[in-house]
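Colleague: pasting a predicted model and its sequence here:
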Amino acid sequence: MLRTTTALASLLLLASACGPKNASKSRKNQDMRKVSEIRLDEPDMIMQLVDLNGDGKPNVENHWRERSAGPRLLVMKKIDLDMNGSFDMIQHYSEDGVLKLEEMDKDFDGLIDTRDHYQDGLRILSEMDSNNDGNADIYFHYIKTDAGSTRIDRKERDTTFDGMIDTWERFDEDGKVIRMGRDTDGDGKMDEREE
């Protein structure tokens with residue numbers, strides 16, 4: 001977990017410098033970062049490739065939409081967190097340039113296992129695939145706080161991996177579990193409840 005957090009923090013800091021001001025086709029600076037751009041077939045779309053460590057492989061891939069009125073708009077960002085040549089994080093942005101979906105391969109096995117959904121820049125739902133079958137089986141639901149952030153409200157799990165939620169947890173404002181429920185007969189309905 002520390003490795004993921006450290007790698008993420010370092011790459012996001014470097015990747016954030018790769019904004020619309022880097023309009024040159026290719027350049028190298030003192031920290032070995034190389035930026036190149038390719039115009040895509042889709043109208044007004046440019047793919048920007050950023051090699052952060054000078055190994056010839058892009059560690060960041062930005063997709064920009066050019067606009068006649070205003071600066072470029074970031075549509076999607078892909079990041080190779082462990083610098084092995086495979087993208088581990090994909091961020092999708094709205095037409096307003098606000099993060100709406102972040103997909104991540106947290107265990108670096110080449111498969112997306114976490115999807116965070118955002119609304120107005122705030123995370124509202126996290127989906128996790130704990131058994132790498134391509135289907136989410138753990139869901140974290142968030143609600144907005146008076147302070148303008150979000151906090152966890154409830155957690156749902158499919159512990160049998162049959163596509164149906166069978167465990168529920170409700171959280172208080174401090175993040176402590178206040179209620180739990182279980183579906184014991186597999187019909188998708190809560191049979192047992194603890195408070």
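Modeller: Arrived safely.

Colleague: okay, CA-based contacts and neighbour counts for the rest of this
Modeller: OK.

Colleague: for Asp107, give its distance to Met89.
Modeller: Going from Asp107 to Met89 by CA to CA, to the nearest Å gives 11 Å.

Colleague: higher neighbour count, these two?
Modeller: Neighbour totals were compared for Asp107 and Met89, and Met89 leads with 21 against 13 (other CA atoms under 10 Å).

Colleague: next, the contact list for the more buried one, please.
Modeller: Contacts for Met89 (CA atoms under 8 Å, 6 or more residues apart in numbering) come out as 78-81, 102-105.

Colleague: list the buried residues of stretch 102-116.
Modeller: Residues of stretch 102-116 classed as buried by neighbour count (16 or more other CA atoms under 10 Å): 102-106, 108, 111-116.

Colleague: same question, stretch 135-154
Modeller: Under the neighbour-count criterion of 16+ other CA under 10 Å, stretch 135-154 has 135-142, 151-154 buried.

Colleague: quick check: closest non-adjacent residue to Asp105.
Modeller: Ile112 (4.4 Å; CA to CA, 6 or more residues apart in numbering).

Colleague: now do the SS call for that neighbour.
Modeller: Put simply, Ile112 is coil when judged by DSSP: H, G, I helix; E, B strand; the rest coil.

Colleague: for it, give its distance to Ser86.
Modeller: As judged by CA to CA, Ile112 and Ser86 stand 11 Å apart.

Colleague: ok so, going back, want to try a markdown table for the buried residues of stretch 102-116, with pLDDT and distance to Lys189 as columns?
Modeller: Below are the buried residues of stretch 102-116 laid out as a markdown table (pLDDT from 0 to 100; distance: CA to CA, whole Å):
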| residue | pLDDT | distance to Lys189 |
| --- | --- | --- |
| Glu102 | 98 | 30 |
| Glu103 | 98 | 29 |
| Met104 | 97 | 31 |
| Asp105 | 96 | 31 |
| Lys106 | 93 | 31 |
| Phe108 | 92 | 35 |
| Leu111 | 92 | 31 |
| Ile112 | 95 | 29 |
| Asp113 | 95 | 26 |
| Thr114 | 97 | 25 |
| Arg115 | 98 | 25 |
| Asp116 | 98 | 26 |
